[in-house]
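[1] The sequence and its predicted three-dimensional model are supplied below.
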Amino acid sequence: MSKGPQKEGIDAEVSFRERVEFAVVWLAVHGMRLLPRGSARAVGAGIAAIAYHALGRLRGVGVRNLKLAFPEMPEGERERILRSLYRRLGWLLAEFCLMPGYTQKSASRFIRYEGLENYVAARERGKGVLVLTGHLGAWELSSFYHSLMGMPMGMVIRRLDNPLVDEFVNRIRCLHGNRVIHKDDFARGLIASMRAGETVGILMDTNMTPPQGVFVPFFGVPACTASGMARIAGKTGAAVVPGFLLWEESDQKYVLRFGRELEVRHTGDSETDAVTNTAAFTAAIEATIRQYPDQWLWMHRRWKTRPPGEEGIY
């Protein structure tokens, strides 16, 4: 279907409020693009600082999550982590706005690879690559940079509530060959991508509900976690490779780090394997968060879904 009819369909469905929201987003993004990168990041950090103080409910979720994950951590350290996280989210906002203007040369001044050979080796197996990632570091910039460097990938994305904003954001994400796989077409799209030997990144650190999610430990607390990656890897033989774009203070750069391919267990019991492998993938995410605790999205209600009979956390 051409973009024209599709956009007409979208325009026919959106409300006045959604049009206003889109106009605000469009103006904010294009306004940020007028600034030098350093100034844009400073503005983003300022917006994030305001959000930190103004959005008390979200901040409360962050505090609650940090208490769950690090019960022995002093309160002052939790506050420091949250403040630092908000600043990094402000930086990510700026980076997203500036992404359309980035080139290989300009982006490589502040982003570098580490462990790229792990990704390349997994890709050369020819059965597809599932990049295990999460809302850690500069996740929006990671797949964009990978595509900018000539390695486009698919991304499993939840549709945004505003269709105009959704289309606008996805257009930026896909400027250099990336493509979006929406969660409502998750299984079919992933299987087709793996059979074609392609790469797909999956943010596997959000709260789910059964039957799509299974309970596995996350910081020692059962968390309902998407099992789709484990099931697809088991079905297709695709490689699972951890990949995170993290800010390194020592370098004053982002590092897109690919870990070694994770083992995918095959016992013949598909349900047991799904839970076992989902737990292993979640453990890999947790290990990276423990290394970079001020770069994970603590404001997400990760433990919202509880096992039957257990009281709610939030």
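    Alright, I've got the coordinates.
[2] And the next helix or strand past the helix or strand harbouring residue 31?
    Counting by DSSP states H and E, the element that carries residue 31 is helix 16-33. Moving toward the C-terminus from helix 16-33, the next helix or strand (DSSP H and E) is helix 37-54.
[3] Tell me which helix or strand residue 197 sits in.
    Going by DSSP H and E, residue 197 is not in any helix or strand.
[4] Could I get the contacting residues of it?
    Residue 197 makes contacts with 123, 126-128, as judged by Cβ atoms under 8 Å, 6 or more residues apart in numbering. Placement of C-beta: from N, CA and C, glycine included.
[5] among the residues you listed, who's most crowded?
    Each of the contacts of residue 197 was scored for neighbours by other Cβ atoms under 10 Å, and residue 128 scores highest at 25 neighbours.
[6] Quick check: that one touching residue 195?
    Yes - look at residue 128 against residue 195 with Cβ atoms under 8 Å: they come within range, at 7.1 Å.
[7] who touches both of those two?
    Residues touching both residue 128 and residue 195 (Cβ under 8 Å, 6+ apart): residue 236.
[8] Mind listing the strands the helix or strand containing residue 214 pairs with, and their directions?
    Here residue 214, judged by DSSP H and E, is contained in strand 213-218. Within its sheet, and counting by DSSP bridges, strand 213-218 is paired with strand 221-226 (antiparallel).
[9] list the buried ones in the strand it pairs with?
    Neighbour counts using 16 or more other Cβ atoms under 10 Å place 223-226 of strand 221-226 among the buried residues.
[10] For residue 162, state which of those residues is nearest.
    residue 226 (23.9 Å; Cβ to Cβ).
[11] who touches the closest one in this structure?
    By Cβ under 8 Å, 6+ apart, the contact set of residue 226 is 202, 204, 206, 208, 212-213, 278.
[12] Kindly recompute the last result at 10 Å.
    Residue 226 sits next to 156, 183, 186, 202-208, 212-214, 278, 281-282 when contact means Cβ atoms under 10 Å, 6 or more residues apart in numbering.
[13] What of residue 91?
    Counting by Cβ under 10 Å, 6+ apart, residue 91 makes contact with 37, 40-42, 44-45, 48, 138, 141, 247, 254.
[14] With residue 117 instead?
    Contact partners of residue 117, counting by Cβ under 10 Å, 6+ apart, are 258, 260.
[15] follow-up on the earlier one: please tell me which one of the contacts of residue 226 counts the most neighbours.
    residue 281 (27 neighbours).
[16] helix/strand/coil for that one?
    Secondary structure, DSSP: H, G, I helix; E, B strand; the rest coil: residue 281 is helix.
[17] Give me the pLDDT value at it.
    The per-residue pLDDT reported for residue 281 equals 98.
[18] Over to residue 11?
    59.
[19] that older thread, which of the contacts of residue 91 are buried?
    Using 16+ other Cβ under 10 Å, the buried ones in those are 37, 40-41, 44-45, 48, 138, 141, 247, 254.
[20] excluding its backbone neighbours, what's nearest residue 170?
    Nearest residue to residue 170, sequence neighbours excluded (Cβ to Cβ, 6 or more residues apart in numbering): residue 180, at 5.1 Å.
[21] so where do the helices sit in the stretch 1-150 of the chain?
    With DSSP state H, counting those that start in this stretch as the definition, the stretch 1-150 of the chain shows helices at residue ranges 3-13, 16-33, 37-54, 56-69, 75-98, 104-107, 116-124, 139-148.
[22] Mean neighbour count, the ones you listed: which tops it?
    helix 139-148 (a mean of 24; mean count of other Cβ atoms under 10 Å).
[23] Okay, now the sheet partners of the next helix or strand after it, with direction.
    Counting by DSSP H and E, the next helix or strand C-terminal to helix 139-148 is strand 154-157. Strand 154-157 pairs in its sheet with strand 179-182 (parallel), strand 199-203 (parallel), by DSSP bridges.
[24] Do me a favour and average the pLDDT over the helix or strand following the shortest one.
    It stands for strand 179-182. Where DSSP H and E defines the elements, the next helix or strand beyond strand 179-182 is helix 186-195. Per-residue pLDDT over helix 186-195 has a mean of 90.
[25] when you give positions from now on, start the count at 54
    Done: numbering now begins at 54, and the last item shifts to helix 239-248.
[26] so what does helix 239-248 touch, helix or strand wise?
    The helices and strands touching helix 239-248, judged by 3 or more Cβ pairs under 10 Å, 6 or more residues apart in numbering; DSSP states H and E, are strand 182-186, strand 207-210, strand 232-235, strand 252-256, helix 281-289.
[27] and the ones you listed as CSV, adding mean pLDDT and distance to residue 271?
    Conversion of those to CSV gives the following (pLDDT from 0 to 100; distance: least, Cβ to Cβ, whole Å):
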stretch, mean pLDDT, distance to residue 271
strand 182-186, 98, 14
strand 207-210, 94, 19
strand 232-235, 92, 24
strand 252-256, 97, 14
helix 281-289, 96, 15
